[in-house]
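Undergrad: compute the structure for the input listed below.
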Amino acid sequence: MMRALTFHGTHDVRVDTVDDPEIINPRDAIIRVTSTAICGSDLHLYDGVIPGVLPGDVLGHEFMGEVVETGPMSTLEKGQRVVVPFTISCGKCFHCSLQEFAACDNSNPAEKQDMSETMYGHAASGLFGYSHMTGGYSGGQAEYVRVPFSDVGPIVVPDHLDDDQVLFLSDILPTGWMAAENAQIQPDDTVAVWGCGPVGLFAIQSALAMGAAQVIAIDHYPHRLELARALGAKVVNFRESNVLEALMEMSGGIGVDAVIDAVGMEAHGFAMENILDVVKQKVGIGADRASALRQALMAVRKGGRVSVPGVYGGLADKFPLGALMEKGLQLRTGQTHVQRYMKDLLSRIEEGELDTTFLISHRLALEDAAEGYRNFKEQQDTWTKVVLKPGMVTATN
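TA: Next up, the predicted model:
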């Protein structure tokens, strides 16, 4: 038996004793988790806005650890340190052959596919710890986890890099990088990023690494805006400024070349349309609050590019489809094809080009995970990233 963070309802997560994972398929591996993080996407589960999450489900999709057991077809070896991508991918289907790993056709079991196929037209791929709509796989906020297709997903990391340096290869660093890549950044571009949470900050860092001349960060939390400024971004506090006017002024009256919505379905704001979004989300009429995306589409210049790494799960109204069409915009989005980026980003970390450790604000024992979730949601300015450490002595003892 092991300890793991389990879902029990909206704003109710608990560390329980659950069964140890076992090898089921020959390509499986079992990982002893050494570090696992709470992601902003986990808060969508915590807030009860993602369907298909059941009481007792083990959460968490950002994790790494040591290989302790392997199936006969795994390419991993016992004792290796690995970072595991949150996307579960077979490596052999049509989409995996195109390196579209987050669109894998084989990782979501057939009996789990009906819900996402009905919602989206095609079945979603498998994800760790993220509802039965994406396979119902147990997540990594646990002492141990089963990793399917372990010959495709995990990347072995060298011992001279500690967990803090490489943990975010599991999700948010590749997500920020793919967000910037989807924005098709060119030299001299001005890029605006909505949201200075973990993905937004890594999108800012990535956009600058790709050569953007100017990156503008939009948020309302002072500390998060300071982190963006420290990375080299200019900042706009949406509670103190008219965002559209500020962006027009900062782009010479043309509009920004590319926009990145790193906020997603639970956007904040005091505009009447966003207040209505919140009400509808609470009563189940509309699943997504899309005020950040609406604003981004209005702010980008004609012929500009729109990148959406922020998670959206259902329907959104008041979508400015006319602006998208009339301005001739390009829109790119999607879950992150993590495996595509891990090797390159690991090299950039080793070479000192990218440092992600600045983001970590709190390290907690796994037993304190419920406290971590609560504060990550309620204290977003100062709790910028929470890393849970199985085996660490709890502060509450």
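
Undergrad: look up how far residue 81 lies from residue 160.
TA: 11 Å (Cβ to Cβ, to the nearest Å). C-betas here are computed from N, CA, C, even on glycine.

Undergrad: what does residue 262 give?
TA: From residue 262 to residue 81 the distance is 29 Å (Cβ to Cβ).

Undergrad: and those two? which has more neighbours close in?
TA: Comparing residue 262 with residue 81 by other Cβ atoms under 10 Å, the one with more neighbours is residue 262, at 31 against 20.

Undergrad: so who does that one touch?
TA: By Cβ atoms under 8 Å, 6 or more residues apart in numbering, the contact list for residue 262 reads 176, 179, 193, 194, 195, 196, 197, 199, 200, 203, 309, 310.

Undergrad: now rank the residues you listed by neighbours and give me the top one.
TA: Comparing the contacts of residue 262 by number of neighbours (other Cβ under 10 Å), residue 193 comes first, having 35 neighbours.

Undergrad: coming back round to it: among the contacts of residue 262, which one lies nearest to residue 216?
TA: Residue 216 has its nearest neighbour among the contacts of residue 262 in residue 193, at 7.1 Å by Cβ to Cβ.

Undergrad: next one: phi and psi at residue 215?
TA: phi -120, psi 130 (degrees, to the nearest 10).

Undergrad: repeat that for the one 3 residues further on.
TA: According to degrees, to the nearest 10, the main-chain angles of residue 218 amount to phi -120, psi 120.

Undergrad: quick one, helices of the stretch 1-150 of the chain?
TA: Remark: helices assigned in the stretch 1-150 of the chain by DSSP state H, counting those that start in this stretch are 40-46, 94-97, 114-120.

Undergrad: low-scoring pLDDT stretches of the stretch 201-350 of the chain, where are they?
TA: By pLDDT under 70, the weakly predicted segments of the stretch 201-350 of the chain are 266-288.

Undergrad: one more time with 90, if that's ok
TA: For the stretch 201-350 of the chain, the stretches flagged by pLDDT under 90 are 264-292, 310-319.

Undergrad: which parts of it are helices?
TA: Using DSSP H, counting those that start in this stretch, helices in the stretch 201-350 of the chain cover 222-231, 243-250, 272-283, 291-299, 321-326, 338-350.

Undergrad: tell me the pLDDT at the residue most central in space within the chain?
TA: Closest residue to the average C-alpha location of the chain: residue 172 at 4.9 Å, with Cα atoms, centre = their mean. Note on residue 172: pLDDT of 97.

Undergrad: so who does it touch?
TA: Residues counted as contacts of residue 172 (Cβ under 8 Å, 6+ apart) are 37, 39, 62, 198, 199, 202.

Undergrad: residue 32 bridge partners, please.
TA: Legend: beta-bridge partners of residue 32 under DSSP bridges are residue 66, residue 144.

Undergrad: thought residue 299 was touching residue 254, still the case?
TA: No. With contact defined as Cβ atoms under 8 Å, residue 254 does not count as touching residue 299 (11.1 Å).

Undergrad: next, show the common contact partners of those two.
TA: By Cβ under 8 Å, 6+ apart, residue 254 and residue 299 have these common neighbours: residue 248.

Undergrad: fine, thanks again, bye for now.
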